[in-house]
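In: Below is the sequence, then the predicted model.
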Amino acid sequence: MIKFTLTVLGASIAITAAVSTLFGFAGSSIVGTFWGWFWVTLLIQFVGFVIVNSILVQRDNIAFQQVELEALDRLSKFTIKLSCSYCQQSNITPIQLNQRNTFKCESCNQVNGVSMQFMATTLTTPIEGVKIPTGNSEMVEFKVS
Ligand SMILES: [Zn+2]
């Protein structure tokens with residue numbers, strides 16, 4: 001992988017230098033010196049690479065944010081089973097926490113609203129280990145980690 005990167009880097013430098021040399025010869029035959037054209041062409045190419053690279057990075061970031069948003073959207077959807085308030089038929093419906101939810105009953109075609117209620121509960125103390133006596137006077141220990 002490092003070898004590959006070095007090859008690409010070497011090739012990039014070689015191409016950049018070749019292009020600069022070409023412009024150096026071509027430019028200096030019209031006006032100015034070879035090195036003047038060489039360095040200006042090199043600088044222009046370098047600036048061009050930086051701009052292209054930052055555009056590519058930005059595009060990657062936007063694509064990544066899009067994927068994250070879609071994942072978040074999928075996570076906020078739940079599927080629950082609810083009884084129709086008109087005919088008591090069970091329906092399976094997707095609900096989202098961040099919006100008002102309704103569903104149409106499969107049986108009677110009535111539109112139901114979904115009301116969500118949240119409750120706070122006390123937490124029971126977690127079991128760290130339980131000893132269960134067995135027939136032959138030994139204890140079998142269960143550990144919950
Ligand atoms: Zn119904």
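Out: Looks like it arrived, so ask away.
In: Beyond the longest helix belonging to the chain, next helix or strand please.
Out: Longest helix in the chain by number of residues, with DSSP state H as the criterion: helix 34-75. Scanning forward in sequence from helix 34-75 by DSSP states H and E, the next helix or strand is strand 77-83.
In: Provide the strand pairings for that next one, with the direction of each partner.
Out: Under the criterion DSSP bridges, strand 77-83 sits next to strand 90-96 (antiparallel) in its sheet.
In: Tell me how far the residue lying closest to residue 101 once chain neighbours are set aside lies from residue 81.
Out: Spatially, and ignoring its direct neighbours in sequence, residue 101 is nearest to residue 114 (3.9 Å; C-beta to C-beta, 6 or more residues apart in numbering). All C-beta atoms are positioned from the backbone trio N, CA, C, and that covers glycine. Using C-beta to C-beta, to the nearest Å, we find residue 114 at a distance of 12 Å from residue 81.
In: Give me the pLDDT for the residue nearest the centre of the chain.
Out: By C-alpha atoms, centre = their mean, the chain has its centre lying nearest to residue 68, at 3.8 Å. In the predicted model, residue 68 carries a pLDDT score of 91.
In: Return stretch 54-68 as PDB; C-alpha atoms alone will do.
Out: Output in PDB follows, covering the C-alpha atoms of stretch 54-68 (Å, rounded to 0.1, in the frame of the first residue of the first chain):
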ATOM      1  CA  SER A  54     -10.600  20.300  -1.500                       C
ATOM      2  CA  ILE A  55     -13.600  20.000  -3.800                       C
ATOM      3  CA  LEU A  56     -13.300  16.200  -3.700                       C
ATOM      4  CA  VAL A  57     -13.000  16.200   0.100                       C
ATOM      5  CA  GLN A  58     -16.100  18.400   0.400                       C
ATOM      6  CA  ARG A  59     -18.100  16.200  -2.000                       C
ATOM      7  CA  ASP A  60     -17.100  13.100   0.100                       C
ATOM      8  CA  ASN A  61     -18.200  14.900   3.300                       C
ATOM      9  CA  ILE A  62     -21.600  15.800   1.800                       C
ATOM     10  CA  ALA A  63     -22.100  12.200   0.700                       C
ATOM     11  CA  PHE A  64     -21.100  11.000   4.100                       C
ATOM     12  CA  GLN A  65     -23.500  13.400   5.800                       C
ATOM     13  CA  GLN A  66     -26.300  12.200   3.500                       C
ATOM     14  CA  VAL A  67     -25.600   8.500   4.500                       C
ATOM     15  CA  GLU A  68     -25.700   9.500   8.200                       C
END
